[in-house]
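J.: next come a sequence and a model predicted from it.
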Amino acid sequence: LNNNKISVLNNSTNKYNFHYCSYFHTPISRKKKTGISDNIIKTFNFNEKANEMLITIRKAILPVIELNKYKLSSNENGEVIVDIDKNKFYRFSICYKTETIRMVSPISGPKEYEYDIEQELWLNTIDRHDMRGIIVRDFLRHSSGLVNF
């Protein structure tokens with residue numbers, strides 16, 4: 001067990017050879033104490049914050065999309081999808097079950113981000129890096145222009 005991550009092992013062939021170990025994020029409480037005072041509780045609305053972040057991402061990557069002639073789209077689930085070429089794409093989606101934003105990148109692969117109430121940032125559930133920095137870094141590797149957060 002790693003903090004609030006639950007490890008699940010699946011053994012599909014034999015008792016000595018585990019094929020994979022997947023981690024499921026346990027959602028944090030929507031109410032978290034800030035440490036300022038026991039009487040003050042800082043809260044947030046996950047749906048509102050997650051949708052705001054997807055809008056922010058869309059606006060920030062738009063100049064790069066236009067400059068590089070990438071295709072920007074959304075689907076019926078509200079995901080933001082950027083097609084770089086035939087086999088490369090970015091996908092940003094909201095996972096309501098785990099209260100995270102999921103990002104799939106052709107550079108860094110799949111990642112999950114949770115909202116940190118005190119820092120007011122979306123941080124990676126594993127390494128605690130800010131999502132905006134990873135998006136900028138990944139787009140810089142193959143694009144002209146700069147993501148504008």
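T.: Sure thing, it's come through. None of the values given here were measured: they were computed from a predicted structure.
J.: switch to C-alpha atoms for all contacts and neighbour counts from now on
T.: Noted.
J.: which helix runs longest in the protein?
T.: Longest helix in the chain, counting residues (DSSP state H): helix 46-68.
J.: now do that one: which elements does it pack against?
T.: Helix 46-68 sits against strand 80-85, strand 88-95, with contacts defined as 3 or more Cα pairs under 8 Å, 6 or more residues apart in numbering; DSSP states H and E.
J.: all the strands of the chain, residue numbers only.
T.: Applying DSSP state E to the chain gives strands spanning 5-10, 20-25, 31-33, 41-43, 71-74, 80-85, 88-95, 100-105, 109-116, 121-124.
J.: worst average pLDDT in these?
T.: Among those, strand 5-10 has the lowest mean pLDDT, at a mean of 36.
J.: returning to what we had before: want to try TSV for the strands of the chain, with mean neighbour count as columns?
T.: Shown next, in TSV, are the strands of the chain (neighbours: other Cα atoms under 10 Å):
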stretch	mean neighbour count
strand 5-10	13
strand 20-25	13
strand 31-33	14
strand 41-43	13
strand 71-74	14
strand 80-85	17
strand 88-95	18
strand 100-105	21
strand 109-116	18
strand 121-124	20
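J.: got TSV for these, with distance to residue 149 too?
T.: Output for the strands of the chain, formatted as TSV (distance: least, Cα to Cα, whole Å):
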stretch	distance to residue 149
strand 5-10	30
strand 20-25	27
strand 31-33	27
strand 41-43	24
strand 71-74	17
strand 80-85	16
strand 88-95	16
strand 100-105	16
strand 109-116	17
strand 121-124	12
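J.: and residue 97, how far is that from residue 65?
T.: Shown here: residue 97 relative to residue 65, a distance of 30 Å by Cα to Cα, to the nearest Å.
J.: of these two, who's got more company?
T.: Between residue 97 and residue 65, residue 65 has the larger neighbour count (other Cα atoms under 10 Å), namely 22 against 9.
J.: could you verify my assumption that the more buried one touches residue 73?
T.: No - the criterion here is Cα atoms under 8 Å, and residue 65 misses it with residue 73 at 10.8 Å.
J.: list the residues that contact both of those two?
T.: residue 82 (Cα atoms under 8 Å, 6 or more residues apart in numbering).
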